[in-house]
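[1] A structural model of the following input is requested.
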Amino acid sequence: MPIYEYRCAGCGADFDQLVRADDTPACPWCESEDLERKLSVSSLGSRREAASTSLPLAKGAGGCCGGGCGCH
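    This next block holds a predicted model:
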């Protein structure tokens, strides 16, 4: 079951939702089903591509293997 990012056309809220094949997602705030699925990090295919579209992290503060997870 994939997690998708949505923007609600009714109230403008942005949210993530786990969606099953037979589910019709609705806004958790206004319950509208008039949603726009957004391009999400998981749909880009790699962390490198996603990182280029986000704000830079402080040195040593990044996710796994960036010093923040304690694996090194």
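
[2] can you tell me the SS state at the residue nearest to residue 28 when sequence neighbours are not counted?
    Nearest in space to residue 28, with sequence neighbours left out and distances taken as C-beta to C-beta, 6 or more residues apart in numbering, is residue 15 at 5.9 Å. C-beta here means a position set from N, CA and C on the backbone, and glycine is covered the same way. Classification of residue 15 using DSSP: H, G, I helix; E, B strand; the rest coil returns strand.

[3] spell out, range by range, the helices that occur in the protein.
    In the chain, the helices defined using DSSP state H lie at 41-44, 47-51.

[4] what average pLDDT does the shortest one get?
    Helix 41-44 shows a mean pLDDT of 57 in the predicted model.

[5] so who does residue 16 touch?
    Neighbouring residues of residue 16 by C-beta atoms under 8 Å, 6 or more residues apart in numbering: 3, 4, 5, 6, 40.
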